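1. The sequence and its predicted three-dimensional model are supplied below.
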Amino acid sequence: MTTPPNHKIWQPKTAGRVFWQALLLGTLIALFLATTTAQRGDVFVGGRVYFVDADCYARMSRVEHVIAHPLQSIRHHDFENFPTGIETHATAPLDWLIAALATALAPFSPQALDLAGAWISPLLGIATLLALWAWSMRARLPFRHAMLFLLAVSPIVTQAFRLGRPDHQSLLLFLMAVGLAAEWNLWSRPTTRTAVAWGIAWGLALWTSLYEPLIVFALLLVLRGALPFAPAGVHLAVVDPGVGGTRRAVAIGAGGRDGESHLLVGPDNGLLMPAAERLGGVNDAVALDASPERLQPVSSTFHGRDIFAPVAAALAAGAALADVGEPLGPSALVALELPVATAGPDGLAAHVVHRDRFGNLILDATAEQLHEQGIAPGAAVRVAAGAAVHAGRHGAAFADVPPGELVLYRDGLGMVALAVNGGSAHARLGLERGDELTLAPAQRQ
């Protein structure tokens, strides 16, 4: 028998590949459980469940309230954030998740609620591991096994997924893993399903950590940066502290790639405008407060369910924008008051809008403004921050400057940013969010 050219004598069968992948995944899950449940002897004592700190008991008290009153919205109550009870309750998704798990365990154990609270974080950790495993396989990351192994055994990462610690950090990390994986896929192979997963994950992550004010701004930046890469379609976004007040509900048509139109649905509080502008500007808009697609009666505090979701569904099913609301002039839409870089006699006065975990400073300047200032790619740049003046260079990547040098570049979302190759621009310049700096060509005095 002859072997065809370039044909390997031994090839693993599909079943063999599945076996090895299952073995790898099982090993990772076993390592993860060994790390997150190492203190199980302190959690399960004498047939009872003991949580790791007082806030966990506050959490479980809230879950009991959710089970007894599943449709009641809780904002403040005595057992919130033990022992003071003064912080806004904004982590309801985890409460409902624990309640659902407790309901599923109820036929099997009289301690279903306590067991659900004890195990919810490790289970969310396994879900996070599975999500990152699936994404890393799809993305063909070369060192995915090392990444997953570190996730499974790192005490720093697994602290949020500890047995006996029903904390919202576990749900938040899971949602962020799904959201970031979906966003990665949106850049490489955009599909409607990926865009939906991205929106749901980041929306729930926002809700789960709403006490963090910066996440609203971070979501706004992500929305503005990611939508141009999503397929043309309907995008629903709701961050709505003014629900039930005088703000309008709106749907906006914005120009997309190749003349395609994106439809944005949400509150008229400025949330949608940066994304609409990034897409090419508002083409048309309608007010949805009296939309024929809204549910009746309309709740004063749940417009996401009663107005935005039904309208978005109707638009996705093919309804025209004019059929779901009353015409609204683009100039009537509420614009968000974001910092704006302005040209002055000394250069371009820009502001820090965000600092990432590497110390890179994201600015409100645009590439067009840099061009107008004569700051060309490869040119030396003068960066004035307060009384200090720093030298840098306009580059396409960190490697365009020597290690330790300042580089002005465009980040993954197309925003102008400052970084130090191998260092931290935040530490070098001493700037925080909202601080102003001036950019100018190095030859300008």
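-> Done, it's in.

2. how about the strands in the stretch 301-445 of the chain?
-> Across the stretch 301-445 of the chain, reading from the start of the chain, the strands by DSSP state E, counting those that start in this stretch fall at 326-328, 342-344, 347-355, 361-363, 380-385, 388-394, 406-410, 416-420, 436-441.

3. Would you mark the buried spots in the longest helix belonging to the chain?
-> The helix that spans the most residues within the chain, counting by DSSP state H, is helix 112-139. Neighbour counts using 16 or more other Cβ atoms under 10 Å place 112-133, 135-136 of helix 112-139 among the buried residues. All C-beta spots, glycine's among them, are computed from the backbone N, C-alpha and C.

4. so where is the stretch 301-445 of the chain shaky, pLDDT-wise?
-> Scanning the stretch 301-445 of the chain with the threshold set as pLDDT under 70 gives 413, 444-445.

5. again, only using 80
-> Under the criterion pLDDT under 80, the flagged ranges of the stretch 301-445 of the chain are 301, 336-339, 357, 412-414, 443-445.

6. Looks like R305 contacts V298 (just checking).
-> No: no contact is recorded between R305 and V298 when judged using Cβ atoms under 8 Å, the distance being 9.4 Å.

7. more crowded one of these two?
-> Remark: of R305 and V298, V298 carries more neighbours, 16 against 13, as counted by other Cβ atoms under 10 Å.

8. check which helix or strand covers that one.
-> Assigned by DSSP states H and E, V298 falls within no helix or strand.

9. what residues are up against it?
-> Residues near V298 by Cβ atoms under 8 Å, 6 or more residues apart in numbering: D306, I307.

10. got it, and the one 5 residues further on?
-> The contact partners of H303, by Cβ under 8 Å, 6+ apart, come to V238, D240, V243, G244, A249, P267.

11. Then L272?
-> Shown here is L272, whose contacts under the criterion Cβ under 8 Å, 6+ apart are A237, V250, I252, L264, G266, L333.

12. any idea how far A396 is from the most centrally placed residue in the chain?
-> Ranked by distance to the mean C-alpha position of the chain (Cα atoms, centre = their mean), the top residue is W202 at 4.1 Å. For W202, the distance to A396 (Cβ to Cβ, to the nearest Å) stands at 28 Å.

13. cool, A380 as well?
-> Relative to A396, and taking Cβ to Cβ, A380 is found at 15 Å.

14. Next: A343.
-> 23 Å.

15. do the same with G281
-> Distance, G281 to A396, using Cβ to Cβ: 27 Å.

16. do the same with L295
-> Shown here: L295 relative to A396, a distance of 50 Å by Cβ to Cβ.

17. what residue ranges in the stretch 151-300 of the chain score low on pLDDT?
-> In the stretch 151-300 of the chain the weaker segments, taking pLDDT under 80 as the threshold, are 155-158, 183-199, 202-232, 239, 241-242, 255-261, 278.

18. Show me the helices in it, by range?
-> 155-158, 168-188, 192-208, 214-226, 273-279 (DSSP state H, counting those that start in this stretch).

19. how about a markdown table for the ones you listed, with distance to D289 added?
-> What follows is the helices of the stretch 151-300 of the chain, written out as a markdown table (distance: least, Cβ to Cβ, whole Å):
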| stretch | distance to D289 |
| --- | --- |
| helix 155-158 | 45 |
| helix 168-188 | 30 |
| helix 192-208 | 22 |
| helix 214-226 | 23 |
| helix 273-279 | 18 |
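
20. To S424, which of those helices lies closest?
-> Nearest to S424 among the helices of the stretch 151-300 of the chain is helix 214-226; the distance by Cβ to Cβ comes to 18.3 Å.

21. List the contacts of the closest residue to R393 other than its chain neighbours.
-> Using Cβ to Cβ, 6 or more residues apart in numbering and skipping the chain neighbours, the partner closest in space to R393 is V401 (5.1 Å). Under the criterion of Cβ under 8 Å, 6+ apart, the contact list for V401 reads G392, R393, G395, V407, N421.

22. Tell me the spatial nearest neighbour of the third one, not counting adjacent residues.
-> The shortest distance from G395 to any residue that is not its chain neighbour, by Cβ to Cβ, 6+ apart, is 4.7 Å, and that residue is V407.

23. go on, H426?
-> Excluding its sequence neighbours, the residue lying closest to H426 (Cβ to Cβ, 6+ apart) is G359, at 4.0 Å.

24. now the one you found: how far from E436?
-> Taken as Cβ to Cβ, the spacing of G359 relative to E436 amounts to 18 Å.

25. count of neighbours near the closest residue in space to V340 that isn't next to it in sequence?
-> Spatially, and ignoring its direct neighbours in sequence, V340 is nearest to D364 (6.1 Å; Cβ to Cβ, 6+ apart). Neighbours of D364 under the rule other Cβ under 10 Å: 19.

26. ok, D364 - contacts?
-> Neighbour list for D364: L338, P339, V340, A341, A350, H351, V353 [criterion: Cβ under 8 Å, 6+ apart].

27. State whether A15 is indeed within a helix.
-> Yes: the assignment for A15 (DSSP: H, G, I helix; E, B strand; the rest coil) places it in a helix.

28. gap between it and R144?
-> When Cβ to Cβ is the yardstick, A15 and R144 sit 22 Å from each other.

29. Of these two, which one has the most company?
-> Summary of the neighbour comparison: A15 and R144, criterion other Cβ under 10 Å, with R144 having more neighbours (15 against 8).

30. so where's the stretch 1-150 of the chain uncertain?
-> Counting by pLDDT under 80, the stretch 1-150 of the chain contains low-confidence residues at 1-18, 53-59, 62, 65-66, 69-92, 138-142.

31. okay if I get the contacts of V401 as a markdown table plus distance to A316 and neighbour count?
-> A markdown table is the format used below for the contacts of V401 (distance: Cβ to Cβ, whole Å; neighbours: other Cβ atoms under 10 Å):
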| residue | distance to A316 | neighbour count |
| --- | --- | --- |
| G392 | 46 | 24 |
| R393 | 46 | 20 |
| G395 | 42 | 21 |
| V407 | 42 | 23 |
| N421 | 45 | 18 |
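
32. Looking at those, which is nearest W20?
-> W20 lies nearest to N421 out of the contacts of V401, by Cβ to Cβ, at 39.9 Å.

33. The closest one - nearest residue in space that isn't next to it in sequence?
-> Leaving aside its sequence neighbours, N421 sits nearest to F398 (Cβ to Cβ, 6+ apart; 4.6 Å).

34. count of residues packed around that neighbour?
-> Under the neighbour criterion other Cβ under 10 Å, F398 is assigned a count of 17.

35. show me what contacts it?
-> Contact criterion Cβ under 8 Å, 6+ apart gives V407, Y409, A419, N421, G422 as the residues in contact with F398.
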